[in-house]
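Chemist: here you go, sequence then predicted model.
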Amino acid sequence: MVEGKNQWKAWIYLLPCLILLLIFTVWPIFNTVRVAFLDGYNGMKAVGGTEFSFGIKNFSDVVMYKEFGTCLLNTILLCVITVPVSTLLALLIAVCLNSIKPLNRLLQTIYFLPYVTNTIAIGMVFAAMFNIVGTMGTQNPIITTAGIINNIIGIFGVEPINFINTGSSYAANMAVMIIYIVWNALPFKILILLGGLQSVNKQYYDAAKIDGTSRSRTFWRITVPLLSPMIAYVVITGFIGGFKEYSSIIGIFGEKLGPASEPGRLNTMVGYIYSSLSLGNEGRASAAAIILFGIIMAVTLVQLYVQKKRVHY
Amino acid sequence: MAIDTMKERNMSDIKKSQRVVKTIVTILVYTFLILVAISVLFPFYWMLNSSLKSLEEYKLTVPTFIPRSFQFTNYVDAFETANLGTLFINTLFVGLVSTALSLVITVLAAFAFARLEFKGKNVLFAGLLATMMIPGELFTITNYQTVTHFGWLNSFTVLIIPMLVSVFYIYLLRQNFLQIPNELYLAAKVDGTSDLKYLWKVMIPLALPTLISITILKMMGSWNAYIWPRLVANDGTHSLITNGLRNSFTDTSGDVNYPVQMAAVALVSLPLFLVFIFLRKYIMKGVSRSGIKG
């Protein structure tokens, strides 16, 4: 553009940003990889002068560790269920919302509300809604509430379910997590998909109407292909976010990450990384973080590959 | 003649049945959308409803949908139990300082990438974007060691400095800066305006909506931060709001005073709703380009 001589000026503008990035972004990339390959690396011991040998023991430790399997399973289950469910639901909502005029703006605002909430705070509300206060299933006559959700499903004649309290089943715990995560994930997806729908050329629909194309055919043959870039976008970001699920579980179950009787039952990959880290086991935490990065990369690459084949621009 | 009238009648029949189908579809669509709206709003309603009940009323087997008597004292209790006053001030301080510093850094960097010429610009920018793919946990592990080494644990510094640079914000603002015609910059150069003055007088006012979006997202980020503060500032005096909230009500069994807990949650959620009501446009605009919560 203008001057080539004053290059140093640009570097001055970039200086604060680059210094911080070097310390808190670039160095961590190298260091975390280094630490991951130092067997049993522990920050405290490292300061004390202990030398750690190079190897892949951290990775094998992580993979062999029983708790890690639970974390991986939870993470994958939550991802595989919540991403398709929330995407389909968001698509349905967006299409419906796009077809109406009255109440459109109001509903759009309402649907966006969960986004501007504190994941942990509203998680506590969900916990209260699913909670059973007092004793259930025993003969103890203490006055209790089975929780509003149990009251609601009770109307349909369903027996109260122990969702998150002591002695609850894994399936019930997961159901609560899925409902909460979907509730949380909808706003962003609706926003993106609705934005996509609004930019679709109306002529395609007029043409379909003239040809007498049925509604479902119009949806699958016109709407979905035209929206496919946005669908791909929300699915990819959904999976990336899903693999990092953690605070929503703290919101509902607290730091125990599970019902009181089974702490850690709902732990995830990210939870595993942090628990290793707070135990001073940086080597294992780093190895787990790199494994997480590898999984996210692999899933994203697969999706980009599928996108190339299936997405229409 | 007769055939024509028959055709007409057929046509009007078809039109009528089409109209019926259309009405049914519209009713179904609205029913569905309103049901979704109710399920979205229900937790908020239940939070407010529960927060105003007495503990006895909360525990009733058949719940009340409007509190029998409004227990506003729950809010006072919540404020005291969770020590919300200190937490609010801490969070506000961290949020404001980090937003202000972050804006300065972002504006300068975005300007350099959008308007200035230097060797390796594109490579550097691509490198920055590449770091966005790496999950934050990978950085956190080393950053935890780094801040421990710096002796920053349990301070406000540790809550502010490591999170100042966001590559995403730089990217967002650079895109916005690039849309401003280069002719303006050249004209300013001819007039002898300095880069900094041009940035301040022309670029920043024109990119104001993006800057507002960044400000809101950054403030919301501080308000919702949980993991990093728990790791590096858990001594109680530097706690942020979310940590304080979760820690004050950790016990999910036993004698938790749920109405007070719900009142605390409502107090923490309130500022977010106010921001949303007044700045909805900027939030939605920023969010639609990020996909990042907070």
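Modeler: Arrived safely, thanks for sending.
Chemist: show the pLDDT at residue A:46.
Modeler: Looking at residue A:46, its pLDDT is 76.
Chemist: next, see if the longest helix belonging to chain B gets close to chain A.
Modeler: Using DSSP state H to define each element, chain B has its longest helix at helix B:2-51. Yes: for a cut-off given as CB under 8 Å from any CB of the partner chain, helix B:2-51 has contacts with chain A, namely B:25-26, B:29-30, B:32-33, B:36-37, B:39-41, B:43-44, B:46-47, B:50. Every C-beta, even on glycine, is put in place using the N, C-alpha and C of the backbone.
Chemist: which of those are buried?
Modeler: Those of these that meet the buried threshold are B:29, B:33, B:36, B:37, B:40, B:43, B:44, B:46, B:47, B:50, by 16 or more other CB atoms under 10 Å in any protein chain shown.
Chemist: let's have those in a markdown table, adding pLDDT.
Modeler: Listed next are those as a markdown table, based on pLDDT from 0 to 100:
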| residue | pLDDT |
| --- | --- |
| B:29 | 93 |
| B:33 | 95 |
| B:36 | 96 |
| B:37 | 96 |
| B:40 | 95 |
| B:43 | 96 |
| B:44 | 95 |
| B:46 | 95 |
| B:47 | 95 |
| B:50 | 93 |
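Chemist: and which of the residues you listed is nearest residue A:52?
Modeler: Minimum separation from residue A:52 among those (CB to CB) is found for residue B:43, which lies at 47.7 Å.
Chemist: wait, the closest one sits on residue A:129?
Modeler: Yes: with contact defined as CB atoms under 8 Å, residue B:43 reaches residue A:129; the gap is 6.6 Å.
Chemist: so what's residue A:268 up against?
Modeler: Shown here is residue A:268, whose contacts under the criterion CB atoms under 8 Å, 6 or more residues apart in numbering or on different chains are A:71, A:74, A:75, A:78, A:245, A:246, A:249.
Chemist: now swap in residue A:208 and tell me
Modeler: Contacts were defined as CB under 8 Å, 6+ apart; by that measure residue A:208 touches A:217, A:218, A:221, A:222.
Chemist: recalculate using a threshold of 10 Å.
Modeler: A:214, A:215, A:217, A:218, A:219, A:221, A:222, A:223 (CB atoms under 10 Å, 6 or more residues apart in numbering or on different chains).
Chemist: is chain B contacted by whichever strand or helix holds residue A:187?
Modeler: Assessed by DSSP states H and E, residue A:187 sits inside helix A:170-198. Yes: where contact is defined by CB under 10 Å from any CB of the partner chain, part of helix A:170-198 touches chain B, namely A:179-180, A:183-192, A:194-195.
Chemist: ok so, going back, which residues do residue B:43 and residue A:129 both contact?
Modeler: With contacts taken as CB under 10 Å, 6+ apart, residue B:43 and residue A:129 have A:148, A:180 as neighbours in common.
Chemist: following the host helix or strand of residue A:89, which helix or strand comes up?
Modeler: Assigning secondary structure by DSSP H and E places residue A:89 in helix A:66-98. Next along the chain after helix A:66-98, taking DSSP H and E as the criterion, comes helix A:104-112.
Chemist: average pLDDT across that next one?
Modeler: 92.
Chemist: how about low-confidence regions in the stretch 51-200 of chain B?
Modeler: Low-confidence segments of the stretch 51-200 of chain B, defined by pLDDT under 70, are absent; every residue clears the threshold.
Chemist: most centrally placed residue in chain A?
Modeler: Nearest to the mean C-alpha position of chain A, counting by CA atoms, centre = their mean, stands residue A:242 at 2.7 Å.
Chemist: helix, strand or coil for residue A:161?
Modeler: Per DSSP: H, G, I helix; E, B strand; the rest coil, the secondary structure class of residue A:161 is coil.
Chemist: residues touching it, list them.
Modeler: For residue A:161, the residues meeting the contact criterion (CB under 10 Å, 6+ apart) are A:130, A:132, A:136, A:146-147, A:149-150, A:153-154, A:168-169, A:171-172, A:175-176.
Chemist: give me the buried entries from those.
Modeler: Neighbour counting with 16+ other CB under 10 Å marks A:130, A:132, A:136, A:146, A:147, A:149, A:150, A:168, A:172, A:175, A:176 as buried within these.
Chemist: how about those, which pair is most distant?
Modeler: For the buried ones among the contacts of residue A:161, the farthest-apart pair by CB to CB is A:136 and A:175; their separation is 16.9 Å.
Chemist: one step back: now the next helix or strand after the longest helix of chain B: buried residues?
Modeler: The first helix or strand that comes after helix B:2-51 along the chain, using DSSP H and E, is helix B:55-58. Of all the residues in helix B:55-58, those buried under the rule 16+ other CB under 10 Å are B:57, B:58.
Chemist: about what we covered before: just the pLDDT at the residue nearest to the centre of chain A, thanks.
Modeler: Value for residue A:242, per-residue pLDDT: 92.
Chemist: neighbours around the residue lying closest to it once chain neighbours are set aside, how many?
Modeler: Here the nearest residue to residue A:242 in space, its sequence neighbours aside, is residue A:79; by CB to CB, 6 or more residues apart in numbering or on different chains that works out to 3.7 Å. By the criterion of other CB atoms under 10 Å in any protein chain shown, residue A:79 has 22 neighbours.
Chemist: so, low pLDDT: which residues of the stretch 1-150 of chain A?
Modeler: Within the stretch 1-150 of chain A, the stretches falling below the threshold (pLDDT under 70) are A:1-6, A:134-143.
Chemist: rerun at 80
Modeler: A:1-6, A:43-51, A:133-146 (pLDDT under 80).
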